[in-house]
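*Asks:* need the 3D shape of this:
(one chain, ligands or ions: 1)
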Amino acid sequence: MESKFIIGNKRTGSLIKIIFFLLICSRVSGQQTEIIIETSSNAMVLATNEKGELSTSYFGKKLANKTEYLKIALQYKQGQEYTGVAGAAYTSAGAKNLLEPAIIVSHADGNNSLDLRYVSHEIKVIDSNVQLLGVLLKDPVYDFNITLFYKSYFNDDIIEQWSSIQHNEKGNVTLYKYASANLFLKAGSFWLTQYHGEWAKEMQPEEARITHGIKTLDSKLGTRTNLFQPSVFMVSLNSPATENSGTVLYGALEYSGNFKTDLELDYQNNLRIISGINNYASPYTLKPGEAFTTPAFIHLLSNAGKGAASRKMHRWARNYVIPNGNGDRYTLLNNWESTYFDFNEDKLKELLKDARKLGVDLFLLDDGWFANKYPRNGDVSGLGDWEENKAKLPNGITSLVKEATENGVKFGIWVEPEMVNPKSELYEKHPDWVIKQPKREEHYFRNQLVLDLSNPKVQDFVFGVLDNILSKNEDLAYIKWDCNAVIYNAYSSYLKNQSHFYIEYMRGLNRVLEKIRAKYPHVPMMLCSGGGGRVDYAALRFFTEYWPSDNTDPLERIFMQWEYSYFYPAISSSNHVTDWGKQPIKYRTDVAMMGKLGFDIVVNKLSKEELQFCQEAIKTYNTVKGIIWHGDQYRLSNPRMSSVASMLYVNESKTSAVMFNYLVNNRYGEGSKQPILLSGLDRNAKYRIEEINLFPGTKSSIDPETVYSGDFLMTVGLNPVVNSSRNSVALKLMSVN
Ligand code: DGJ
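*Replies:* Below you'll find the model as predicted:
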């Protein structure tokens, strides 16, 4: 059989060069088919055996000489492998396999076995950084095939993997499991970093050595599926990776619905990672000729620790996922915590003036502006009835948008279009549009139920909510899209096959979001879910930013934003200054600046100095936001390991940087006793350091005249002088000639 190679294209390689290289390599002959997916640092090698069974023969740091990948297997003496398919690129159930499968099917004739053999593969060069490989596998007995897709991003060391399942059997096939990806890793030991959470306690990390058997990360919540556990995780190889060293794999499923990731340490000490849509309550009936395409599982392997991994992921997300990922964002004033549901037009007009006074770009009107028969004056009623409440807003949203424009600020609005309060006209008119078990008692989450997005009429309704607001108000500049309930009593009165429910719900949501983005490609949208219950790389294809948590206590946010920052770039993190926490306004503002800055405070309750501080901080933010949003992020001092947390953002040319430092331990005498080592600067450049965001009347302890070399700052470090009287210190570094 011919040996075929896929070569990761070089950073500067032209299309012609790549194809030429591919042709040369494909002439090499041998016994097996070998496919090498190379990125700038790594290689994933897929190889067939004499039967055509496809395995992952290597996944790790790439070798200088490609011919040596064939020698790798000989270096492992792990005892007898009883099946020959433990390292399968996509493990099927019911034949030889003895481990966790990626796919389980029941054929049209009722047989439960699947055997997958390599047929062919195809490479598509998308651009100088991206290649798409498709590998076709077929069952030799049944007319059943799977194409495994690998989209590799050369510079980013990222691979997205998904699969497409199809058959031409003489009846329907049932898919009991249908993973996106099936990874196979070898190392001396594996260490899993996973996350769990709750409302106001999102992204709590845990790290532990992976022991034999299966560890499952999953969600069965249906919507806002990250509430208890997000799909993002890390696996360190051989020892726990640190910020700057160690081998670590980042993984995440690009899916906002139920997910399941199994990490199986097998009897030979290899790690098998199988990730995809959760098959919980979801056997899928696949018709002949129909293709079932899974969401993508994204992974990134770093040989230089977690910092390098997250910077690559951030860059990838800004370049390929997040709308306007390299662009601009609005600073804003939100009215949620200052008014809750208690406002009217006059009050809002005052708040518009406050937004102007503060100096932010946009005013964001939150929950409570709609519904008449059952006014939305609390969270118990009105959700679903998206007409302006006449008592609160007699002149409608349009007049507020106009008023905002006249005040020199933009206007944004909150919606939660997927949900309904039982106390609403929508529920009265369309009880069949609601997800609920027909014979069971209703069960509510925040007094609400979820609309059945598997129903095309509901999809049209949800699209209509957004379309109506946006088309009536051309100047509307921002949407906050909330999603507070999980799915209880999963049942659709529209669907014939209830086991398709969770999947069809997500397909419906996707259709709506696609339609919205097709019509309104540029409007910034915040993905909110009573906190971080929904952020993932599927949703971030539609949303410009996400709300990490309702918990805006800055001390808590330092920890949470730290964990989110491993996976998501600062530009996507909506951070608001609120009254949560005991810290002064400066501390709160500094923390909120580490992302996309907003305010949710009563401006007229600020003291003169506090107001002056906020106004100046916003002006300062406007001068450094480009570094924070588009630069590289370095986690310098971990709040879980030190009394001082420190985060650095460096622009691409390394000429300017912003460093945020916080006291996170209030015990006596705690502070920055030692210098903090900087990273990512130009060793040969010289930097002047200026303290920014000083509270009126306070003086900096940092001498702005001292010039430091990048070498000094990255070898000795800098002491930001953090202590109980300077518990938040923001510094700007500027290179000087
Ligand atoms: C939950 C969100 O997280 C809050 O910011 C706010 O928008 C409320 N919902 C409104 O009900």
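*Asks:* pop the domain breakdown of the protein in here.
*Replies:* Residue ranges for the domains of the chain, per automatic domain parsing: 23-319, 321-531, 633-736.
*Asks:* now do the longest strand anywhere in the chain: which elements does it pack against?
*Replies:* Determined from DSSP state E, the single longest strand within the chain is strand 173-186. Other helices and strands packing on strand 173-186, by 3 or more C-beta pairs under 8 Å, 6 or more residues apart in numbering; DSSP states H and E, are strand 54-61, strand 103-106, strand 158-167, strand 247-253, strand 270-277, strand 284-286, strand 297-302. Yep, even glycine has a C-beta here, placed from its N, CA and C like the rest.
*Asks:* how far is the helix or strand just after the last one from where the chain is centred?
*Replies:* It stands for strand 297-302. Per DSSP states H and E, strand 297-302 leads on to helix 305-316 as the next helix or strand towards the C-terminus. Counting by C-alpha atoms, centre = their mean, to the nearest Å, helix 305-316 is centred 13 Å from the centre of its parent chain.
*Asks:* show me what helix 305-316 is packed up against.
*Replies:* For helix 305-316, the elements it packs on are strand 158-167, strand 247-253, strand 297-302, strand 632-637, judged by 3+ C-beta pairs under 8 Å, 6+ apart.
*Asks:* sheet partners, orientation included, of the last one?
*Replies:* Yep, that's strand 632-637 we're talking about. Neighbouring strands of strand 632-637 in its sheet, by DSSP bridges, are strand 644-650 (antiparallel).
*Asks:* avg pLDDT for the strand it pairs with?
*Replies:* The average pLDDT within strand 644-650 is 98.
*Asks:* circling back to that earlier point, of all the domains of the chain, which one comes closest to W547?
*Replies:* With C-beta to C-beta as the measure, domain 321-531 is the member of the domains of the chain nearest W547 (4.0 Å).
*Asks:* tell me, what's the model's pLDDT at the residue in the stretch 601-737 of the chain positioned nearest to the ligand?
*Replies:* Distance from the ligand to each residue of the stretch 601-737 of the chain (C-beta to the nearest ligand atom) is smallest for I601, at 13.4 Å. As predicted, I601 sits at a pLDDT of 98.
*Asks:* residue contacts, it?
*Replies:* For I601, the contacting residues are E337, S338, V577, T578, D579, by C-beta atoms under 8 Å, 6 or more residues apart in numbering.
*Asks:* what sits against the residue of the stretch 51-200 of the chain found nearest the ligand?
*Replies:* Residue nearest to the ligand within the stretch 51-200 of the chain: W199 (9.0 Å; C-beta to the nearest ligand atom). By C-beta under 8 Å, 6+ apart, W199 lies in contact with L227, G530, G531, G533, D550.
*Asks:* kindly report the same for A86.
*Replies:* A86 neighbours (C-beta under 8 Å, 6+ apart): L98, L99, F184, D266, Q268, N270, R272.
*Asks:* also I618?
*Replies:* T331, L358, G359, V360, L597.
*Asks:* in helices, which of the residues you listed fall?
*Replies:* If you go by DSSP state H, those have L358 in helices.
*Asks:* who does the longest strand of the chain pair up with?
*Replies:* Strand 173-186 sits in its sheet next to strand 103-106 (antiparallel), strand 270-277 (antiparallel), strand 284-286 (antiparallel), going by DSSP bridges.
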